[in-house]
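Asks: pasting the sequence and the predicted coordinates here, then a few questions.
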Amino acid sequence: MLALSLCGTVVSLQQTLVLPMLPDFPALLGTTAENASWLVTATLLSGALATASISRLADMFGKKRMLVITLGITVLGSLLGSVSGTLAWTLVARVLQGVGMALVPVGIAIMRDELPRHRVPLGVALMSATLAIGAGVGLPVSGLIAEYLDWHAIFWLTGAVGAVMLVVALRVLSESPVRTGGSFDYGGAIVLSAALTAGLLALSKGGQWGWSSPLTLLLGGTGVLLLVVFVPLETRVRNPLIDVRVTARPAVLFVNVAAVLAGFAMFTNMLITTQLLQLPTSSGTGLGLGLDMLRTGLWMAPTALAFGAMAPVSAAVTRRWGAQTTLLVGALVMAFSYVARVFLSTDLWQVVTGSVVVSAGTALVYAAMPTLVMRAVPVTETASANGLNTLLRSVGTSAASAAVAAVTAMGVVRVGDQVFPSAHSLMLVFWASSAAALVVAMLALPMFGMRDYAEHSRESVGHLGDVLVHGRVMSAGGAPVGHAVVTFLTPTGQQVDWGTVDPDGEFTVAVPRLGRYVMVAAADGWHPQSRTVEVSGDGDTGSTVLVDLLTLSGTAHDAAGSVAGAVVVLTRQGGDVVDRAWTDASGRYEFLLPVNGQYVLTALLPNGATSARAVTVWSGALTIDLVVEERGAESSDEEARQEVVR
């Protein structure tokens with residue numbers, strides 16, 4: 001826990017070290033202020049792009065391996081920055097440093113694999129807190145360096161500490177045996193990287209370029225379009241970068257939406273608190289304490305330390321009442337703290353206390369989300385799932401930066417030749433952050449009813465006995481059933497792990513040890529199959545065959561008997577046609593079972609007579625006979641009766 005948390009702090013530290021010196025970089029590097037701002041944007045972009053790819057590679061080829069590679073890249077970036085003297089080389093250094101952000105979700109996944117179950121909540125809370133601890137500590141440290149040392153020292157410091165942690169990681173950490181293998185999804189990585197680059201550039205640079213400028217709109221639209229392309233692309237890949245089927249499950253989707261909102265609410269706390277501390281007392285806003293950068297950084301340190309101090313608290317709450325409670329309590333603390341800050345932001349103690357309390361709530365939220373994600377995804381996808389959650393937090397922080405820039409630009413106070421954000425605009429950001437936190441709390445409420453998060457629903461998987469199990473789910477004709485879900489149970493019925501099947505019909509799950517398990521394979525439109533499997537050394541369970549398709553079928557007949565050549569149409573209650581079929585010589589029709597819902601079956605006989613019946617589809621094959629009488633438009637009671645089959 002100590003080694004991983006320190007590694008996380010080192011890479012997070014690099015995100016904010018350059019911020020206090022940003023006004024000085026144009027003179028130091030011989031460039032413009034707009035160009036110097038890319039030193040921050042470049043790190044944001046590379047961190048976002050690396051997080052999705054490296055966390056997926058960690059699941060496939062080893063978490064320790066990818067953590068060491070990631071830490072090595074950040075050290076290389078620090079060394080390059082320490083000897084650079086031009087904007088171009090400093091930008092390259094910052095890009096390499098940004099890759100380190102992928103280390104945090106990988107570290108969380110390592111803790112999931114390596115720690116005893118009762119220690120996981122504390123480890124996850126500490127690792128999640130490093131995102132804010134490093135960012136908060138970076139401000140005063142950078143202020144001290146700017147005051148007393150050459151600017152290259154910000155790179156020497158991170159490079160030296162990173163090199164020490166690289167040696168520690170190699171000696172202390174062990175490699176998890178939980179790996180999925182396979183080939184990397186290069187196509188998905190390229191499309192997602194392009195989408196993130198376009199979207200994040202629009203968010204981070206929109207304030208400079210203009211929110212309605214053609215470039216901002218083009219980049220924003222391109223990002224959205226590429227994300228629309230990315231989703232169906234990932235459903236067709238054997239080893240997708242992001243398993244969209246797992247991500248679309250409510251238990252995962254709710255946490256990921258909460259990640260965006262929590263990232264927004266967390267970062268506005270840092271941005272607005274910094275402005276309140278630095279605004280001159282003569283700004284005419286009624287706010288502002290007029291502190292310099294060094295003293296601002298020192299007063300921001302308690303905000304970062306609150307994250308570390310709350311780690312044992314969040315771990316205790318999670319162990320006793322569940323991660324859902326931790327998320328709910330943290331979100332409510334954030335929401336009500338922001339409301340209080342609207343009215344209490346004039347004195348130093350009010351600003352610092354408000355920031356610390358918001359950070360305490362954020363620490364609870366950040367500690368809960370990885371735990372919720374890991375309980376709702378297969379063991380073999382913990383790193384990539386946490387990587388996506390971390391990435392979405394970064395999207396939230398980027399949105400916060402853009403929102404603060406936009407809102408404070410709309411409401412300003414002019415004092416002589418200087419322009420300052422108005423008190424109204426700053427407080428408006430607090431109200432928006434409170435609303436975002438309240439939505440997180442609302443998302444937490446339905447989580448209490450989701451079994452996906454139940455700690456007892458999955459057998460403990462200790463790192464000394466992890467065994468990867470693989471196999472195939474096929475149809476009777478030998479074709480892969482690419483949308484199936486496989487669940488492994490102990491002989492006593494406890495869930496061990498589950499996984500989705502790739503387009504080739506193959507799956508991989510993790511079990512704690514060799515032995516006997518019950519495997520359940522299910523897919524929409526098929527009768528589920530279960531069988532007892534004996535997991536041996538190679539972990540291959542062979543093929544599981546789904547034999548029978550679930551269908552909606554029946555016959556169409558009139559008073560004289562069955563009718564051949566009748567048209568049977570299946571429509572939704574809303575009116576759109578789902579499918580149609582013709583009856584065979586025996587009057588029989590058949591559809592593949594549609595998704596659960598309410599439908600209408602209509603028979604059209606060759607002689608013009610018709611009949612319609614309402615049908616509710618609910619997880620089982622249906623047999624519905626349609627009786628057509630010769631009464632034309634009149635309908636019998638039988639024809640009007642609603643058929644409900646469960």
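Replies: In hand now; what should we look at?
Asks: which stretches of the stretch 301-450 of the chain form strands?
Replies: 412-415, 418-421 (DSSP state E, counting those that start in this stretch).
Asks: distance of the nearest residue to Arg613 once chain neighbours are set aside from Thr555?
Replies: In space, and not counting its chain neighbours, Arg613 is closest to Leu601: 5.1 Å by C-beta to C-beta, 6 or more residues apart in numbering. To be clear about C-beta, it is placed using only N, CA and C from the backbone, and glycine gets the same treatment. Counting by C-beta to C-beta, to the nearest Å, the separation of Leu601 from Thr555 is 12 Å.
Asks: list residues touching both of those two?
Replies: Common neighbours of Leu601 and Thr555, using C-beta atoms under 8 Å, 6 or more residues apart in numbering, are Leu626.
Asks: buried set for stretch 399-410?
Replies: 399-405, 407-408 (16 or more other C-beta atoms under 10 Å).
Asks: kindly apply the preceding question to stretch 594-614 instead.
Replies: 594, 599-605, 609-613.
Asks: contacting residues for the residue nearest to Arg613?
Replies: Applying C-beta under 8 Å, 6+ apart, the residues near Leu601 are 552, 568-570, 612-615, 624, 626.
Asks: partner strands of the helix or strand harbouring it, with direction?
Replies: Secondary structure from DSSP states H and E places Leu601 in strand 597-604. Applying DSSP bridges, strand 597-604 is found paired with strand 567-572 (antiparallel), strand 610-617 (antiparallel).
Asks: what would the buried residues of stretch 399-410 look like in TSV with distance to Ala432 and pLDDT?
Replies: Formatted as TSV, those follow (distance: C-beta to C-beta, whole Å; pLDDT from 0 to 100):
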residue	distance to Ala432	pLDDT
Ala399	10	85
Ala400	9	84
Ser401	13	80
Ala402	12	81
Ala403	7	83
Val404	9	82
Ala405	13	77
Val407	8	80
Thr408	12	72
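Asks: those into CSV, with extra columns for distance to Leu514?
Replies: Listed next are the buried residues of stretch 399-410 as CSV, based on distance: C-beta to C-beta, whole Å:
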residue, distance to Leu514
Ala399, 48
Ala400, 49
Ser401, 51
Ala402, 52
Ala403, 53
Val404, 55
Ala405, 57
Val407, 59
Thr408, 61
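Asks: next step: those restricted to helices.
Replies: Within these, residues falling in helices by DSSP state H are 399-405, 407-408.
Asks: pick out whichever of those residues sits closest to Val485.
Replies: Val485 has its nearest neighbour among these in Ala399, at 33.2 Å by C-beta to C-beta.
Asks: report the separation between the nearest residue to Leu438 once chain neighbours are set aside and Thr274.
Replies: Excluding its sequence neighbours, the residue lying closest to Leu438 (C-beta to C-beta, 6+ apart) is Ala335, at 4.6 Å. Using C-beta to C-beta, Ala335 is found at 21 Å from Thr274.
Asks: what lies in contact with the helix or strand Leu201 falls within?
Replies: Assigned by DSSP H and E, Leu201 belongs to helix 186-209. Residues outside helix 186-209 that contact it (C-beta under 8 Å, 6+ apart): 34, 37, 40-41, 44-45, 48-49, 52-53, 213, 215-217, 219-220, 222-224, 226-227, 229-230, 233-234, 237, 240-242, 391, 395, 398-399, 401-402, 405-406, 409.
Asks: that older thread, could the C-alpha coordinates of the strand holding Leu601 be exported in PDB?
Replies: Provided in PDB are the C-alpha atoms of strand 597-604 (Å, rounded to 0.1, in the frame of the first residue of the first chain):
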ATOM      1  CA  GLY A 597     -41.600  -5.600 -23.500                       C
ATOM      2  CA  GLN A 598     -45.200  -5.300 -24.800                       C
ATOM      3  CA  TYR A 599     -46.000  -6.100 -28.400                       C
ATOM      4  CA  VAL A 600     -49.000  -6.700 -30.700                       C
ATOM      5  CA  LEU A 601     -49.300  -9.800 -32.900                       C
ATOM      6  CA  THR A 602     -51.400  -9.400 -36.000                       C
ATOM      7  CA  ALA A 603     -52.500 -12.100 -38.500                       C
ATOM      8  CA  LEU A 604     -53.600 -11.200 -42.000                       C
END
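Asks: and that strand, how far out from the chain middle?
Replies: Chain-centre distance of strand 597-604: 39 Å, with C-alpha atoms, centre = their mean, to the nearest Å.
Asks: stretch 104-120 too?
Replies: 18 Å.
Asks: tell me the mean pLDDT for that stretch?
Replies: What stretch 104-120 shows for mean pLDDT is 84.
Asks: please parse the chain into its domains.
Replies: 2-185+237-455, 186-236, 465-546, 551-644 (automatic domain parsing).
Asks: contact partners for Arg179?
Replies: Taking C-beta under 8 Å, 6+ apart, we find Arg179 in contact with 59-62, 380, 468.
Asks: where does it fall, phi/psi-wise?
Replies: Arg179 has phi and psi values of phi -140, psi 140 when expressed as degrees, to the nearest 10.
Asks: roughly how far apart are it and Leu391?
Replies: In terms of C-beta to C-beta, Arg179 sits 21 Å off from Leu391.
Asks: just Ile108 next, same as before
Replies: Ile108 sits 13 Å away from Leu391, going by C-beta to C-beta.
Asks: go on, Arg320?
Replies: In this view, Arg320 and Leu391 are 30 Å apart by C-beta to C-beta.
Asks: Ala109 now?
Replies: The value you get for Ala109 to Leu391, if C-beta to C-beta is used, is 14 Å.
Asks: and if you look at Leu19?
Replies: To Leu391, Leu19 is 21 Å away according to C-beta to C-beta.
Asks: swap in Gly288?
Replies: Using C-beta to C-beta, we find Gly288 at a distance of 35 Å from Leu391.
Asks: of those two, who's got more company?
Replies: More crowded of Gly288 and Leu391, by other C-beta atoms under 10 Å: Leu391, with 27 against 23.
Asks: that one contacts Ala48, doesn't it?
Replies: Yes. If you go by C-beta atoms under 8 Å, Leu391 and Ala48 touch, sitting 5.8 Å apart.
Asks: most centrally placed residue in this structure?
Replies: Nearest to the geometric centre of the chain sits Asn389, at 2.7 Å (C-alpha atoms, centre = their mean).
Asks: can you tell me which residues contact that one?
Replies: 105, 255-256, 259, 369-370, 373.
Asks: mind redoing it with 7 Å?
Replies: 255-256, 259, 369-370, 373 (C-beta atoms under 7 Å, 6 or more residues apart in numbering).
Asks: turn these into CSV, including neighbour count and distance to Phe507.
Replies: Formatted as CSV, the contacts of Asn389 follow (neighbours: other C-beta atoms under 10 Å; distance: C-beta to C-beta, whole Å):
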residue, neighbour count, distance to Phe507
Val255, 30, 23
Asn256, 21, 23
Ala259, 25, 27
Met369, 27, 26
Pro370, 30, 24
Val373, 29, 20
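Asks: max pairwise distance over those residues: which two?
Replies: Asn256 and Pro370 (11.6 Å).
Asks: mind listing the helices for the stretch 401-550 of the chain?
Replies: Using DSSP state H, counting those that start in this stretch, the helices of the stretch 401-550 of the chain run over 423-447.
Asks: any idea how far the residue of the chain most remote from its centre is from Glu590?
Replies: In the chain, the residue that sits farthest from the middle, by C-alpha atoms, centre = their mean, is Ala560; the gap is 60.3 Å. To Glu590, Ala560 is 22 Å away according to C-beta to C-beta.
Asks: could you report the neighbour count for Thr90?
Replies: Thr90: 25 surrounding residues under other C-beta under 10 Å.
Asks: which SSE is it in?
Replies: With DSSP H and E as the criterion, Thr90 is inside helix 87-98.
Asks: what's the first helix or strand after that helix?
Replies: helix 103-114.
Asks: roughly how far is that next one from the heart of the chain?
Replies: Relative to its parent chain, helix 103-114 has a centroid offset of 15 Å by C-alpha atoms, centre = their mean.
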